[in-house]
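> after the sequence you'll find the predicted model.
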Amino acid sequence: MRQVTFEAEPSTLAVDLDKSALTIIDMQRDFLEPGGFGEALGNDVSRLRAAVGPCREVLGAARDLGILVIHTREGHRPDLSDAPPHKVLRGDPATRIGAPGPMGRILVRGEVGHDIIPELYPADGEPVIDKPGKGAFYQTDLELMLKNRGIDTLFVCGVTTEVCVNTTIREANDRGFRCIALSDCCASYFPEFHQAGLAMIKAQGGIFGSVAGSKDLLASLRSRAAA
Ligand code: TIU
């Protein structure tokens, strides 16, 4: 047992690092760089950059402490057989899922745009979960992987706060995992949705989980590493 205590909302948390995993949701070029899925949806992708630096800090600390790190990627098979027609048919045909773009076919596995940004690239041995939906548990082996390792708590980073981060936290909460969204390690194309997405998690005494700032967590992790 390696316990750390840090400030969170709605209340201070004590977490056993040996039962915790850092999950980094969909920090892919398709969402963060021009020419991908995020831009095809009409978004200003530069709004997501704010989360990259804080994610890097937390990722580095997690690696130093040997905390399990899991990355996820949203995307589909090249034949789009795992993509619901209603998801594919949304939007301009020239830029919809599967259409060719400057980073390869949009939101398709194996294409440049589907991969994780270089700043947060998975290290050897860190599991990468490829998911067809917004939630990281839907049609993936994430739950099995976490249970096999005795994980009961998830630190959650990534994009976007109100879509894939929120969906994943809701799925995890229903499966009995305690979730801690790291507020500055998450981002949205819509600042107001980022705020609302975090507020929903921690409302009502932490209805889906908790919210903490990365600085508070990092301070407790660093004092643990130095001990
Ligand atoms: N990863 C994720 O959040 N997928 C999205 O499509 N998000 C949007 O905000 N569009």
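Done, it's in.
> around the ligand, pick out the residues from the chain.
Residues of the chain lying close to the ligand (CB under 6 Å from any ligand atom) are 26, 31, 41, 74, 134, 159-160, 163-164, 189. (C-beta placed from N, C-alpha, C; glycine too.)
> contacting residues for residue 153?
Contacts here follow CB atoms under 8 Å, 6 or more residues apart in numbering; on that basis residue 153 touches 15-16, 19-21, 177-180.
> in CSV, list the residues of the chain next to the ligand along with distance to residue 53.
Formatted as CSV, the residues of the chain next to the ligand follow (distance: CB to CB, whole Å):
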residue, distance to residue 53
26, 17
31, 16
41, 24
74, 22
134, 25
159, 14
160, 17
163, 21
164, 20
189, 18
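> state the distance from the closest residue to residue 99 other than its chain neighbours to residue 91.
Nearest non-adjacent residue to residue 99, counting by CB to CB, 6 or more residues apart in numbering: residue 106, 5.3 Å away. As defined by CB to CB, to the nearest Å, residue 106 lies at a distance of 10 Å from residue 91.
> any buried residues in the helix or strand of the chain with the lowest mean pLDDT, and which?
Across the helices and strands of the chain, mean confidence by mean pLDDT, DSSP states H and E is lowest for helix 214-226: a mean of 91. Within helix 214-226, the residues scored as buried using 16 or more other CB atoms under 10 Å are 214, 216-218, 220-221.
> now what about stretch 140-147, what contacts it?
So stretch 140-147 is contacted by 21, 70, 72, 127, 129-131, 136-137, 154, 175, 177 (CB under 8 Å, 6+ apart).
> apply 10 Å and report the result again.
The contact list for stretch 140-147, computed with CB atoms under 10 Å, 6 or more residues apart in numbering, reads 19, 21, 23, 68, 70, 72, 127, 129-133, 135-137, 148, 151-154, 168, 171-172, 175-177.
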